[in-house]
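1. Give me coordinates for this.
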Amino acid sequence: MPTTEGVTVADGSDKCACSSGSDSETPRFPDRQSRSSRQARRAAAASLIGTTIEFYDFFIYGLAASLVFASRFFPSFSPVAGTLASLSTFLVGFLARPVGAVLFGHFGDRIGRKRLLVVSLVTAGGATFVTGLLPTYSSIGAAAPALLVLCRIIQGVGLGGEWGGAVLMAVEHAPPNRRIVYGSLPQLGNPAGLVLATAITLLCSSLISREQFQAWGWRIPFLLSITLVVAGLIVRLCLRESPAFDRVRESRQLVRFPLGALVRGHPRALVAGTLAVTASPAVGLLLAVYLIPYGQQILRFSPTAMLLLSGMFGITFFLGILVSARVSEHRGVRPLTVLGLVSMVVWAIPFFLLFDSRSYPAALIAYAVSGLTVGTVNGPQATLLAELFPVHVRYSGASVAFQISSVLGGALTPIASTALLAAGGGNGLAVAVWVIGISLTSLVSFTCLRLGGGVEPGEERTAELRSLT
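-> The predicted structure is shown next:
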């Protein structure tokens, strides 16, 4: 089968490219354009809803691993060892996410985006629901943590395929001058899922006693996820296939093995793109999940206080994405991404100075500012990754790059932070070294990217939009 290589935007623009057609032109077929606009909005809404559900599932597990699973599934361990064991089950999901990216990416580039989005939602959502039904160690012994790990693997595979498909449905349906904003909507699912997961966990833990929450209350957030999955399925089943994929399929440009074509034809974009987006999941997960035990055990903040900090991070993370995406649409991807990564480097030490002060108002400020820095990086990130790769390998390329970056950031961060905390005698400033190092790695990798290098004929920005870069 013939393949199509990426077309570089002629002016070297650092903005993500958009599909052709000027907004100033009178539409030749207004009814068709109106239907296209409605479909674009529907695709964007479905992407936001879907990723919110998936990240809700993801963070519910992370919060439970930090707060509950040590006593429910690893009671024979010491408190510290039990926490590490429960968090290790959280990390297993990260290792499964690249598997999901490869699997869903292959079929997403072969048979289409829409079908795979439905499968990914059912896979991850079903695993989350079943987790809420699992018997604990006291009931079935060692089989309980084994089943927990299995559910986590299935959830990770589903999430590995979810993000890429959601991003492509939003970006490839988007109007010419709104691709960055539309591409940011799946990104909003990350903080939205975090805030929702935190709020429901906080509500459950507030309405019942600590003992009741530890015994059975932790199951409620997992079981509630089924209602979100049903709502997401209703929306997604009404979507049409991506027009960009339809063009490639009709022109017979699909490839038999998308992953092989990706690795052979676009190694630089894959490696540099992966490293460029590694810092945001690393820092985001550090604050939202991995610092919860540290805040409780070392700084003596209550579980409720740590959940509120996590929620504050999620809110400002959400706002940072909104603002960054809108500004990037006019100013370009490069300035906002560089600003966000530099801010993460600069804020690393002040964050831990404020957090380690054990002053709760200072900790709130630390988390709020961190959410803005991570959100600034995330605003244009989805469209940036999508447009690094041509349509026929785009699902595979965007998914694999994003999920490997999540493994690097999510799996290495608890290991690095634990080792640095031990070396620094429990001083959080030691972890700032990791944040600075991984943020600088992403910054250097980002400068090596040829932005918009995967844009194909029919997807270029209009002359008016190119003139803004």
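
2. can we go C-alpha only for contacts and neighbour counts from here?
-> Fine.

3. The spatially closest residue to Glu162 that is not a sequence neighbour sits in which helix or strand?
-> Excluding its sequence neighbours, the residue lying closest to Glu162 (CA to CA, 6 or more residues apart in numbering) is Ser120, at 5.4 Å. For Ser120, the host element (DSSP states H and E) is helix 113-131.

4. how far does the helix or strand just after that helix sit from the chain's center?
-> Where DSSP H and E defines the elements, the next helix or strand beyond helix 113-131 is helix 137-140. Centroid displacement of helix 137-140 relative to its chain, using CA atoms, centre = their mean, to the nearest Å, is 33 Å.

5. And the residue nearest the centre of this protein?
-> Asn190 (5.4 Å; CA atoms, centre = their mean).

6. that older thread, isn't the residue nearest to Glu162 up against Leu159?
-> Yes - counting by CA atoms under 8 Å, Ser120 touches Leu159, with 6.6 Å between them.

7. Which residue of those two possesses the greater neighbour count?
-> Comparing Ser120 with Leu159 by neighbour count (other CA atoms under 10 Å), the higher total belongs to Leu159, at 31 against 25.

8. what's the lengthiest helix in the chain packed up against?
-> When the chain is parsed with DSSP state H, its longest helix is helix 30-67. Judged by 3 or more CA pairs under 8 Å, 6 or more residues apart in numbering; DSSP states H and E, helix 30-67 is in contact with helix 79-110, helix 113-131, helix 143-173, helix 179-207, helix 219-236, helix 291-297.

9. Please repeat the previous calculation with a cut-off of 7 Å.
-> Using 3 or more CA pairs under 7 Å, 6 or more residues apart in numbering; DSSP states H and E, the elements in contact with helix 30-67 are helix 79-110, helix 113-131, helix 143-173, helix 179-207, helix 219-236.

10. Now the following helix or strand past it - C-alpha only, CSV.
-> Downstream of helix 30-67, the next assigned helix or strand under DSSP H and E is helix 69-73. Written as CSV, here are the backbone C-alpha positions of helix 69-73 (Å, rounded to 0.1, in the frame of the first residue of the first chain):
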residue,chain,number,x,y,z
PHE,A,69,-5.3,0.0,49.4
ALA,A,70,-2.3,-0.5,51.7
SER,A,71,-4.6,-1.6,54.5
ARG,A,72,-7.3,-3.4,52.4
PHE,A,73,-5.0,-5.4,50.0
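
11. buried residues in helix 69-73?
-> Phe69, Ala70, Ser71, Arg72, Phe73 (16 or more other CA atoms under 10 Å).

12. again with stretch 358-368
-> Neighbour counts over stretch 358-368 (16+ other CA under 10 Å) mark Tyr360, Ala362, Ala363, Leu364, Ile365, Ala366, Tyr367, Ala368 as buried.

13. Equivalent analysis for stretch 400-418, please.
-> For stretch 400-418, using 16+ other CA under 10 Å, the buried residues are 400-411, 413-414, 416-418.

14. which one is the residue nearest to the centre of the chain nearest to, not counting chain neighbours?
-> Phe55 (5.5 Å).

15. re the thing from before, and which of the buried residues of stretch 358-368 is nearest to Leu185?
-> For these, the minimum distance to Leu185 (CA to CA) is 20.6 Å, reached by Ala368.

16. which outside residues touch the helix or strand harbouring that closest one?
-> Per DSSP H and E: Ala368 is located in helix 360-378. Residues outside helix 360-378 that contact it (CA atoms under 7 Å, 6 or more residues apart in numbering) are 187, 280, 284, 309, 312-314, 316-318, 320-321, 324, 336-337, 340-341, 343-344, 351, 354-355.

17. Let me know the closest of the buried residues of helix 69-73 to Leu116.
-> Phe69 (31.2 Å).

18. Run a quick neighbour tally on Ser139.
-> 12.

19. Now do it against Arg72, distance only.
-> Going from Ser139 to Arg72 by CA to CA, to the nearest Å gives 10 Å.

20. Could you do Ser184 as well?
-> 37 Å.

21. so what does the helix or strand harbouring Leu336 touch, helix or strand wise?
-> Element membership for Leu336, per DSSP H and E: helix 333-355. Counting contacts by 3+ CA pairs under 7 Å, 6+ apart, helix 333-355 packs against helix 360-378, helix 429-447.

22. 10 Å - rerun?
-> Here helix 333-355 touches helix 279-285, helix 303-331, helix 360-378, helix 381-386, helix 429-447, going by 3 or more CA pairs under 10 Å, 6 or more residues apart in numbering; DSSP states H and E.

23. Show me which residues of that helix are buried.
-> 333-334, 336-338, 340-349, 351-355.

24. What of stretch 100-114?
-> So for stretch 100-114, counting by 16+ other CA under 10 Å, buried means 100-110, 112-114.

25. From the chain's centroid, how far away is it?
-> Relative to its parent chain, stretch 100-114 has a centroid offset of 18 Å by CA atoms, centre = their mean.

26. ok, back up a step: tell me which of the helices and strands packed on helix 333-355 sits most buried.
-> Across the helices and strands packed on helix 333-355, the average number of neighbours (mean count of other CA atoms under 10 Å) peaks for helix 381-386, which reaches a mean of 29.

27. avg pLDDT for it?
-> Mean pLDDT, taken over the full extent of helix 381-386, equals 89.

28. Give me the distance from it to the chain's centre.
-> Distance, centroid of helix 381-386 to centroid of chain: 12 Å (CA atoms, centre = their mean).

29. what's the following helix or strand past that helix packed up against?
-> Moving toward the C-terminus from helix 381-386, the next helix or strand (DSSP H and E) is helix 394-423. Contact here means 3+ CA pairs under 10 Å, 6+ apart; on that basis helix 394-423 packs against helix 79-110, helix 143-173, helix 258-265, helix 267-276, helix 279-285, helix 291-297, helix 381-386, helix 429-447.

30. Mind putting those into JSON lines with distance to Thr128?
-> Putting the helices and strands packed on helix 394-423 into JSON lines (distance: least, CA to CA, whole Å) gives the following:
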{"stretch": "helix 79-110", "distance to Thr128": "12"}
{"stretch": "helix 143-173", "distance to Thr128": "7"}
{"stretch": "helix 258-265", "distance to Thr128": "28"}
{"stretch": "helix 267-276", "distance to Thr128": "27"}
{"stretch": "helix 279-285", "distance to Thr128": "19"}
{"stretch": "helix 291-297", "distance to Thr128": "21"}
{"stretch": "helix 381-386", "distance to Thr128": "25"}
{"stretch": "helix 429-447", "distance to Thr128": "30"}
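
31. now the chain, which segments are flagged as low pLDDT?
-> 1-36, 76-84, 87, 452-469 (pLDDT under 70).

32. Ser86 is nearest to which of the helices and strands packed on helix 333-355?
-> Of all these, helix 279-285 sits nearest to Ser86, with 15.4 Å by CA to CA.

33. tell me the secondary structure for Arg358?
-> coil (DSSP: H, G, I helix; E, B strand; the rest coil).

34. which one is it nearest to, not counting chain neighbours?
-> Leu299 (6.0 Å).
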